[in-house]
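> Next comes the sequence, and after it the predicted model I'd like to discuss.
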Amino acid sequence: MTQKITVFELGGCCATSLMNPEVQNEQEKINQYALVLKDKGIDLMRVNVAMKPSMLLQIPGMNEYLDTNGMNTFPITVLDGKIVKDKSYPTKVEISQWSGIEL
Amino acid sequence: MKREQLVEYNPKNIGLTKYMFFTGKGGVGKTSLACSTAVSLADQGKRILLVSTDPASNLQDVFETTLDNKGKQVASVPNLTIINLNPEDAAKDYKESILAPYRGTMPDAMIDSIEEQLSGSCTVEIAAFNEFSEIITSKEKSNQYDYFIFDTAPTGHTLRMLELPQAWNNYLNNENPSANYVGQLSGMREKQEMYKEAVEKLSDAEQTTLILVSRPDKTALLEISRSSSELWDMNLKNQWVVVNGLLDKPNSDDSVADRLAAKQEDALDNTPENLLRFKTLFVPLRSYNLTGVENLRQFFDKDVIPDMSDLASDDDYKSLNELITHLHDTNKRVVFTMGKGGVGKTTMAAAIALGLADKGQKVHLTTTDPADHLKYVIKENSNISMSKIDPEAELNDYKAEVIQRAINEGKTKDELAYVKEDLEAPCNKEIAVFRKFAEIVKKADSEVVVIDTAPTGHTLLLLDTTQSYHKEVERTHGDIPESVKNLLPRLRDKNETEVIIVTLPEATPVLEAQRLKEDLERAKIENSWWIVNNSLVSTATQNSVLKARAISEKRWINEVDTISSGNMALVPWFNQDLQGDKLRALYRA
């Protein structure tokens, strides 16, 4: 079963989420799910790409992916090293499916 | 506060602590004071380290020696060592240290995006604080110098950010950064201890004095009142207030000098409460700012009136009227006046609105200034409608929204503290205002909308990035972001939009305004016109100090004239309160 779900986002300064109550909402939900999953030994994490670009680029195929799809593909969700979703945050249903845990 | 209650600031006579930080907005005289203080103490035989973030060009002229960020001694002032820091360079270095390994391997668009995120004032603030901390926690330096003088200080916000346990926890654990601000701290892992020590030193009244510098005018005093309470809340309680630029009571009949002195007195009478508990000092208005070590040496003792030829006529400069005509003739729909605090953006926006209305256009004026006198402008003019944006109210609404949501989602006390601090970052206010403005522009059916503020290029670029998130999200909240989405491309359309930079004919204001322009250019927003406000040139003053200052303005007026390729409106300092219709004086010959 999945051990590691990483959501890569482009966020930097404080202000980026201010214009987007939706985005903030999404981000906070992910934080909640992460707490639940942590207890079950599953690592769900949001990563600010500006902070940890290496983490992003280590994913096999990521460079080509970004080259082809451009910057509008964030947030990008990676499941145990494979790109599984882009352009929007993973939903509760999706995370439940991937982790096998009912959220 | 009466002038008589102020003590004259002179380093020879007042007890100073080992560490001194001068703080205040750009152009109040922090660097002049810091330099003169440093020279005065060095002349008394003390070993001085002066740390300045003033642009190298200025300081190098004054001290006639090249400076660097490690420490240079000054030939003409034994005992003085100067460190010239450029926080923007430090921020660039920090940015580069993050990106360098990826250049060539990471897609360019991504590099650009990350670079932009780390290009805000937040990063510069932290980079500056990083430099200060290293200096004040250095044991070696502590033994080498008797006094440390800084011509700038960290803001309350920066200090609070660094205090929050959450900020460090987020970083160190690298799990779920619950707020994006923590990005700025990612390069500073080992530094938590050092920062803690630095902050402790800053709050130690025995060792450190924060010297709040202000000009004797109402807005400036309000501003330091705010900084003061922020710093006080951070336990930095050893503060002084220095009023810089007090005009000597003139005994001539010079109406300009009289009026200026009266305005200053009025400002002092209305000094904010919270400043009255501190030692309050003054420095007289001098004919010059920084012009060489010999003048610095005499700064506290006497004025030095330079040789003055008659003020050359200023016929070659354009007036506000010409700018208004340009806006009318080119059919601009959206007009921004932007600039640092206190330069006169609101007055200019109101005058422009009035000027356009006088030409028969329907105008909607949006102001962020609660000043009442603008009401009268509208009453008399059916062509103008007005709305107010109260930045504090907008910000509070937004904050309340976010915090309530956080509470509903059951955030811990620490997390809430973090969310709250995140909301204190300066850009939030900008965006809250911009969001409201976007709404207004969308609804206005007037021909022209004029607004007295604008977000920085950096903020706009960040907004741009976030637009991409919206493409897939279908939500009804979207009303406001929708209008913002539509506004951004309009701002970039130079046929529709005019962004006017307002500044004063002085060194730091012009330099700061230049940075604003560069920032805008990065966001692909054009700026052609500038307004130089409050110029003493052409006031025909005979007061020798004011006349000398008028002469020194010329250099900056010409500088702006060059930057704007002649698209500069020079607005004189006015002898009267510009209320209501009197605003017309600004553009009527």
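The structure has been received and is ready for your questions.
> Could you list the low-pLDDT ranges of chain A?
The model of chain A has pLDDT under 70 over residues A:1-2, A:11-24, A:51.
> Please compute how far the longest helix seen in it lies from its chain's middle.
Scanning chain A for the longest helix, with DSSP state H as the assignment, gives helix A:21-39. Its chain's C-alpha centre and that of helix A:21-39 lie 10 Å apart, by CA atoms, centre = their mean, to the nearest Å.
> same check, this time on stretch A:41-56
8 Å.
> Which positions within it qualify as buried?
By neighbour count with 16 or more other CB atoms under 10 Å in any protein chain shown, stretch A:41-56 contains the buried residues A:42, A:44-53, A:55-56. C-beta: built from backbone N, CA, C; applies to glycine.
> gap between the two ends of it?
22 Å (CA to CA, to the nearest Å).
> Do any residues in it lie close to chain B?
Yes - using CB under 8 Å from any CB of the partner chain, stretch A:41-56 reaches chain B at A:Met45, A:Arg46, A:Val47, A:Asn48, A:Val49, A:Ala50, A:Met51, A:Lys52, A:Pro53, A:Ser54.
> Please render the residues you listed as a markdown table that adds secondary structure and distance to B:Leu488 to the earlier fields.
Output for these, formatted as a markdown table (DSSP: H, G, I helix; E, B strand; the rest coil; distance: CB to CB, whole Å):
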| residue | secondary structure | distance to B:Leu488 |
| --- | --- | --- |
| A:Met45 | strand | 31 |
| A:Arg46 | strand | 26 |
| A:Val47 | strand | 27 |
| A:Asn48 | strand | 23 |
| A:Val49 | coil | 22 |
| A:Ala50 | coil | 21 |
| A:Met51 | coil | 26 |
| A:Lys52 | coil | 29 |
| A:Pro53 | helix | 26 |
| A:Ser54 | helix | 32 |
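> about what we covered before: can you name every helix or strand that the longest helix of chain A contacts?
strand A:4-9, strand A:43-48, helix A:92-99, helix B:391-408, helix B:457-470 (3 or more CB pairs under 8 Å, 6 or more residues apart in numbering or on different chains; DSSP states H and E).
> which one of those lies closest to B:Leu6?
helix B:391-408 (30.3 Å; CB to CB).
> can you give me the angle the longest helix of chain A makes with helix A:92-99?
30 degrees (axes from the mean of the first three to the mean of the last three CA atoms, to 10 degrees).
> Output helix A:21-39 as CSV - backbone C-alpha positions only.
The C-alpha trace of helix A:21-39 is given here as CSV (Å, rounded to 0.1, in the frame of the first residue of the first chain):
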residue,chain,number,x,y,z
PRO,A,21,-9.9,31.4,-0.1
GLU,A,22,-10.4,28.2,-2.0
VAL,A,23,-6.8,27.4,-2.2
GLN,A,24,-6.3,28.1,1.5
ASN,A,25,-9.2,25.9,2.2
GLU,A,26,-7.7,23.1,0.2
GLN,A,27,-4.4,23.5,1.9
GLU,A,28,-5.9,23.3,5.3
LYS,A,29,-7.8,20.2,4.5
ILE,A,30,-4.7,18.5,3.3
ASN,A,31,-3.1,19.4,6.6
GLN,A,32,-6.0,17.8,8.4
TYR,A,33,-5.8,14.6,6.4
ALA,A,34,-2.1,14.5,7.0
LEU,A,35,-2.6,14.4,10.8
VAL,A,36,-5.0,11.5,10.5
LEU,A,37,-2.7,9.6,8.1
LYS,A,38,0.4,10.2,10.2
ASP,A,39,-1.1,8.1,12.9
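> Compute the inter-axis angle for that helix and strand A:4-9.
Going by the same axes, to 10 degrees, helix A:21-39 makes 160 degrees with strand A:4-9.
> returning to that earlier point: the helices and strands packed on helix A:21-39: which one's closest to B:Ile440?
It's helix B:391-408; of the helices and strands packed on helix A:21-39, that one is closest to B:Ile440 (CB to CB) at 11.5 Å.
> That closest one and chain A, any residue contact?
Yes - Helix B:391-408 reaches chain A (CB under 8 Å from any CB) through B:Tyr398, B:Glu401, B:Val402, B:Arg405, B:Ala406.
> residues of that helix that come out buried?
Buried-residue list, helix B:391-408, by 16+ other CB under 10 Å: B:Pro391, B:Glu394, B:Leu395, B:Tyr398, B:Lys399, B:Val402, B:Ala406.
> avg pLDDT for it?
Taken as a whole, helix B:391-408 has an average pLDDT of 82.
> Tell me the gap between that helix and the middle of its chain.
For helix B:391-408, the distance to the chain centre is 25 Å (CA atoms, centre = their mean).
> Dig out what B:Phe336 forms beta bridges with.
B:Ile451, B:Val499 (DSSP bridges).
> Next up, the contacts around it.
B:Val450, B:Ile451, B:Asp452, B:Thr453, B:Ala454, B:Thr497, B:Glu498, B:Val499, B:Ile500 (CB atoms under 8 Å, 6 or more residues apart in numbering or on different chains).
> quick one, phi psi at the third one?
In this case it means B:Asp452. phi -100, psi 30 (degrees, to the nearest 10).
> any idea of the pLDDT on it?
At B:Asp452, pLDDT is 89.
> which residues does the closest residue to it other than its chain neighbours contact?
Excluding the flanking residues, the one nearest B:Asp452 by CB to CB, 6 or more residues apart in numbering or on different chains is B:Ala349, at 3.7 Å. The contact partners of B:Ala349, taken as CB under 8 Å, 6+ apart, are B:Val335, B:Thr337, B:Leu365, B:Thr367, B:Val450, B:Ile451, B:Asp452.
> and what of B:Gly344?
B:Val502, B:Ile531, B:Asn533, B:Asn534, B:Val571.
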